[in-house]
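A.B. asks: Take a look and give me a structure for this.
(one chain, ligands or ions: 1)
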Amino acid sequence: MGAILELLLNKFFNSSRYHIIIIGPASSGKRTFLSKLGLNDHNFNNGIIAYNTNTLLPADLTITSFVYTSTFQLSRVLEDRINEVTGIIYMLDSTNVSRLKVTKLELKNIINIPALENSPILVLCNKQDLPTAKSVREIEMVIKFEPENKKWNIQGMSAASDDGVFEAIEWISRAMIN
Ligand SMILES: Nc1nc2c(ncn2[C@@H]2O[C@H](COP(=O)(O)OP(=O)(O)OP(=O)(O)O)[C@@H](O)[C@H]2O)c(=O)[nH]1
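C.D. replies: So this is what the prediction gives:
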C-alpha cells in the first residue's frame, strides 16, 4: 500500500501547503492510522503529537494528531496554527457506543470554530473489524452529523488491517484540493 499512497500523495501535494489535524478520543486508533502512512516518528509537546513529513508524505503536508477534549482546548492548544489547518479527520472507535453522544457534541463544536470554517471534515469509524463494532449507518443515526455548506464525509475503517486507510487519505486529499 505504501507505494500507491506515495504516488497519490505526490500527485496531490506538489505546490501548496496542507495541514491535516487528526482528532479523536484516546485509543480510537489515531496512532495506528498514522503508522500506516509511515508516520512513526513523533514528538510530544503540550498534548500534541506532531508528525513530521520525513517519511512517506511529501514535504508540504503536515499531520498533527492529538486527543481532543474540548473546543476550548482545540483552539488553545493549536494557537495560531489553527489558521493553517486545511483538513480535519475525526477518528472514533466504532465499538465505543457509549461515547457516541460525546462525539456528536464534539463534532458540532469543531465545525463551529470559525478558523476551521473552510476545512473539510472526515469522520472515520475505526475498528470496523471487531464484532462489536457499530456499522457506519448505525453510528450516523446517533451522531446525526450532516453539516451544511461544508465538505464532509463519514467512512468505515480498520486501521489495524489497512481497510479504508487509502480511501480516507484519498477523500481528504481531494476535498482539500478541490
Ligand atoms: N481491532 C482493531 N484494533 C485497533 C484498530 N486501530 C487501533 N486498534 C488498537 O486500538 C488500540 C489503540 O490504538 P492507538 O492507535 O494507539 O489509538 P490512539 O487514538 O492513538 O490512542 P491515544 O494515543 O491514547 O490517543 C491499540 O491497541 C491498537 O492496536 C483497528 O482498526 N482494529
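A.B. asks: pLDDT weak spots in this protein?
C.D. replies: 1-17, 38-73, 77, 79 (pLDDT under 70).
A.B. asks: Tabulate the CA atom coordinates of the helix or strand Ile22 falls within in PDB.
C.D. replies: Assigned by DSSP states H and E, Ile22 belongs to strand 18-24. Taking C-alpha atoms only, strand 18-24 is exported to PDB below (Å, rounded to 0.1, in the frame of the first residue of the first chain):
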ATOM      1  CA  TYR A  18      -1.600  21.500   3.600                       C
ATOM      2  CA  HIS A  19      -2.100  20.700   7.300                       C
ATOM      3  CA  ILE A  20      -4.400  18.000   8.500                       C
ATOM      4  CA  ILE A  21      -5.400  17.600  12.100                       C
ATOM      5  CA  ILE A  22      -6.400  14.200  13.400                       C
ATOM      6  CA  ILE A  23      -8.700  14.500  16.400                       C
ATOM      7  CA  GLY A  24     -10.200  11.800  18.500                       C
END
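A.B. asks: would you put the C-alpha positions of whichever helix or strand comes after that strand in PDB?
C.D. replies: Per DSSP H and E, the first helix or strand lying C-terminal to strand 18-24 is helix 30-36. The C-alpha trace of helix 30-36 is given here as PDB (Å, rounded to 0.1, in the frame of the first residue of the first chain):
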ATOM      1  CA  LYS A  30      -5.000   7.700  15.600                       C
ATOM      2  CA  ARG A  31      -1.500   6.400  16.100                       C
ATOM      3  CA  THR A  32      -2.300   3.100  14.300                       C
ATOM      4  CA  PHE A  33      -3.700   5.000  11.300                       C
ATOM      5  CA  LEU A  34      -0.600   7.300  11.200                       C
ATOM      6  CA  SER A  35       1.700   4.300  11.300                       C
ATOM      7  CA  LYS A  36       0.000   3.000   8.200                       C
END
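A.B. asks: is any part of helix 30-36 close to the ligand?
C.D. replies: Yes. Applying CB under 6 Å from any ligand atom, one finds helix 30-36 in contact with the ligand at Lys30, Arg31, Thr32. All C-beta spots, glycine's among them, are computed from the backbone N, C-alpha and C.
A.B. asks: Show me what counts as buried in that helix.
C.D. replies: For helix 30-36, a neighbour-count test (16 or more other CB atoms under 10 Å) marks Lys30, Arg31, Thr32, Phe33, Leu34, Lys36 as buried.
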